[in-house]
Structures are given as C-alpha cells and as structure tokens.
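Participant: next input, structure requested:
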Amino acid sequence: METTLVLIKPDGVRRNLIGAIISRFEAKGLKIRGMKLMQMSGELADKHYAEHVTKGFYPELKAFMTGSPLVALAIAGPDAVSLVRKMMGATKPADSAPGTIRGDYATIVTENLVHGSDSPESAARELALWFTAAELVG
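Facilitator: Below you'll find the model as predicted:
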C-alpha cells in the first residue's frame, strides 16, 4: 500500500468538481486517508513548490494556488502514486487522454485541476507538509 498527495486545485473547487474528482479515485478502489478544504498559505506554497520558487512562472503559480480554497487529499492504494498520476492525465490538458481527469475537465495548463505527487519520495515529503500523522486514518 502506498499513500500519495492529491490537490484539487482552486479551479477544481471553483468549478464544483470536488465530488466528481474524488468519486473517480473511490470508484477505482483507492482509499481517502485524509481530506481538507483549505486555503494554501504563501509559506506552504514556497515549501510545496520549492524546486520552482526561482523560476519565472512561479509568481503566477503561487498567486493561483493561494488565491482561493483547494482540497488536499491523502489517497492510498496499491501503487497509488503512479495510478493517481495516470488517472489525472498529462499536465497539459490538450495532451490528456479522454477518460482522465484533465482530459475530461481541464482546458488550460495553468489551471489543470489537480496535482499529484510524482514519486513515492515526493509523496512522503508533500504529505508531511499537508497532513500530520494524527490527521490520517487507516
């Protein structure tokens, strides 16, 4: 069993897609171990996106991610990291296959609905930023 971080980004919350996105993970048999509706702080954004802070696109990304509420999820299952990423689809919605979250719902790369950890190591680091051990069930 593996646990990964998924963020339903502010555009997903704004578009009322929380239930539609979560239901896909649940229908696949993945388990929700933690869930929070919250506003990302600037400090958390800088920690979460540490590898991007010095890049030119980061100020826009930070403003988007901190501008309105998002949903943080801890999702568990066999090979959860790779499975969740396949379910999300390519980062660029135009490259995302139909049937994926981004392929079905997203239209632009800067508002692509979801974030998922890209490796088990990233998942461990990111989960520790978003959830305490006491906040995770199962």
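
Participant: residues contacting the closest residue to Gly116 other than its chain neighbours?
Facilitator: The shortest distance from Gly116 to any non-neighbouring residue, by Cβ to Cβ, 6 or more residues apart in numbering, is to Val84 (4.6 Å). For every residue, glycine as well, the C-beta is placed using N, CA and C. For Val84, the contacting residues are 4, 6, 25, 30, 75, 116-117, by Cβ atoms under 8 Å, 6 or more residues apart in numbering.

Participant: ok, Leu113 next?
Facilitator: By Cβ under 8 Å, 6+ apart, the contact set of Leu113 is 8-9, 11-12, 15, 17, 21, 88, 101-102, 105-106.

Participant: so what's it closest to, chain neighbours aside?
Facilitator: On the basis of Cβ to Cβ, 6+ apart, the spatially nearest residue to Leu113 that is not a chain neighbour turns out to be Gly12, at 4.3 Å.

Participant: give me the helices and strands touching the host helix or strand of the one you found, please.
Facilitator: Secondary structure from DSSP states H and E places Gly12 in helix 10-14. Helices and strands in packing contact with helix 10-14 are listed as helix 58-66, strand 70-77; criterion 3 or more Cβ pairs under 8 Å, 6 or more residues apart in numbering; DSSP states H and E.

Participant: now with 10 Å, please.
Facilitator: Counting contacts by 3 or more Cβ pairs under 10 Å, 6 or more residues apart in numbering; DSSP states H and E, helix 10-14 packs against helix 18-27, helix 58-66, strand 70-77, helix 101-105, strand 114-116.
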